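Chemist: Sharing a model that was predicted from the sequence below.
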Amino acid sequence: MKAYVFPGQGAQFVGMGKDLYDRFDEARAMFGKANEILGFRITDLMFAGTDEDLRQTRVTQPAIFLHSVILAKMVGKEFRPELTAGHSLGEFSALVASGAISFEDGLKLVYARAMAMQKACEAEPSTMAAILGLDDAVVESICAEIDEVVVPANYNSPGQLVISGSMAGIDLACEKLKAAGAKRALPLKVGGAFHSPLMEPARVELAEAIKNTPFSKPICPVYQNVDAKPHCDPDEIRENLIAQLTAPVRWTQIMENMASHGMKELIEVGPGNVLQGLVKKVAPDVVASGAAV
């Protein structure tokens, strides 16, 4: 079975999407529509901005979404997923590409999500850190012992788990995790504690927008971040998407489940190749590649 997967924040680079804009009339039209919806020329920032421009959450999230969704559209009739998923932000790209929500509604939700997350980050300084070389259960146990907000946020692959929380919580957790044998505990350059309870104000704000967005049955099962299970029911998809902002991204479990359900080929749609690398650590027999047009 063939799975198409969509990357999340961190995959951005200056120049992303320019080749699609130059080659395809339909891509130019979609980028133009995005500029109208957002109310600023995101294409200028994507194609010729700076790394600093692209690191702004309000730019990063819609930029990655646009690159991914437009690339999937340009793949055309060859885009025939039997399974699909997206890492964090990438879940919105997967939902648009699989027909669960429209391009326009997806972009509006992604921008609302970015602005709500930015607001939550500014309200309470917080951060994330990547923990390498420990079992998930050890990381979970140590986080639970700390008297600060600090939780597992991204289960990326065996031995690679990102934690999220308050500045003090992350500092303390990194110390304890290194003492417990972590090979590395790396603070990340992010705006705040994504996928943690500190995103609750953003979750509440985004929930209203998601509830008011029409959802359809996707063309194939979407494996969602919150439970790593395949979903086709629009109401289930909507509720899981609302829960996503404060829940961990269970990417390891998604890859395990997809592999056990027959995934033989994985195609990453969007900037970068991070997800191709992660699947090799979970399901080494899966053939992984990037989408090409």
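Modeler: Here it is on my side, so go on.
Chemist: Grab the most central residue of the protein for me.
Modeler: Ser88 (2.5 Å; C-alpha atoms, centre = their mean).
Chemist: and the nearest residue to Pro187 once chain neighbours are set aside, which of the three is it?
Modeler: Nearest non-adjacent residue to Pro187, counting by C-beta to C-beta, 6 or more residues apart in numbering: Ala129, 4.9 Å away. Just so you know, the C-beta spots here come from the backbone N, C-alpha and C atoms, and that holds for glycine as well. Using DSSP: H, G, I helix; E, B strand; the rest coil, the structure places Ala129 in strand.
Chemist: Which strand residues bridge Ala129?
Modeler: With DSSP bridges as the criterion, Ala129 is bridged to Ile163, Pro187.
Chemist: Contacts only, for it.
Modeler: Ala129 is in contact with Val162, Ile163, Ile170, Ala173, Cys174, Ala185, Leu186, Pro187, Leu188, counting by C-beta atoms under 8 Å, 6 or more residues apart in numbering.
Chemist: Most neighbours among those, please name it.
Modeler: Ranked by the number of neighbours (other C-beta atoms under 10 Å), the contacts of Ala129 place Ile163 first, at 30 neighbours.
Chemist: Show me what the mean pLDDT comes to for stretch 30-46.
Modeler: What stretch 30-46 shows for mean pLDDT is 98.
Chemist: buried ones in that stretch?
Modeler: Buried residues in stretch 30-46, defined by neighbour count with 16 or more other C-beta atoms under 10 Å: Met30, Phe31, Ala34, Leu38, Ile42, Thr43, Leu45, Met46.
Chemist: Pipe the residues you listed into TSV and attach distance to Pro197 per row.
Modeler: Below are those laid out as TSV (distance: C-beta to C-beta, whole Å):
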residue	distance to Pro197
Met30	36
Phe31	36
Ala34	32
Leu38	29
Ile42	30
Thr43	36
Leu45	31
Met46	32
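Chemist: which helices and strands sit right next to the helix or strand in which Gln61 is found?
Modeler: Using DSSP states H and E, Gln61 sits within helix 57-75. Packing partners of helix 57-75 (3 or more C-beta pairs under 8 Å, 6 or more residues apart in numbering; DSSP states H and E): strand 2-6, helix 18-23, helix 25-38, helix 42-48, helix 51-55, helix 90-97, helix 103-123.
Chemist: mean pLDDT lowest for which of these?
Modeler: When the helices and strands packed on helix 57-75 are ranked by mean pLDDT, helix 51-55 comes last with a mean of 90.
Chemist: separation between Thr127 and Asn257?
Modeler: Remark: distance between Thr127 and Asn257 (C-beta to C-beta, to the nearest Å) = 30 Å.
Chemist: My error: substitute Ala34 in the last question.
Modeler: Relative to Asn257, Ala34 is positioned 32 Å away (C-beta to C-beta).
Chemist: which residue packs closest to Cys174, ignoring adjacent ones?
Modeler: For Cys174, ignoring the flanking residues on the chain, the nearest one in space by C-beta to C-beta, 6+ apart is Ala185 at 3.9 Å.
Chemist: Give me the mean pLDDT for the strand or helix carrying that neighbour.
Modeler: Using DSSP H and E, Ala185 sits in strand 184-187. Mean per-residue pLDDT for strand 184-187: 94.
Chemist: Return the residues in contact with Ala228.
Modeler: Arg250, Gln253, Ile254, Glu256, Asn257.
Chemist: again, but for Ala283
Modeler: With C-beta under 8 Å, 6+ apart, Ala283 has these contacts: Met255, Glu256, Met258, Ala259, Met263.
Chemist: for this protein, which spans come out with low pLDDT?
Modeler: Nowhere does the chain drop to pLDDT under 70.
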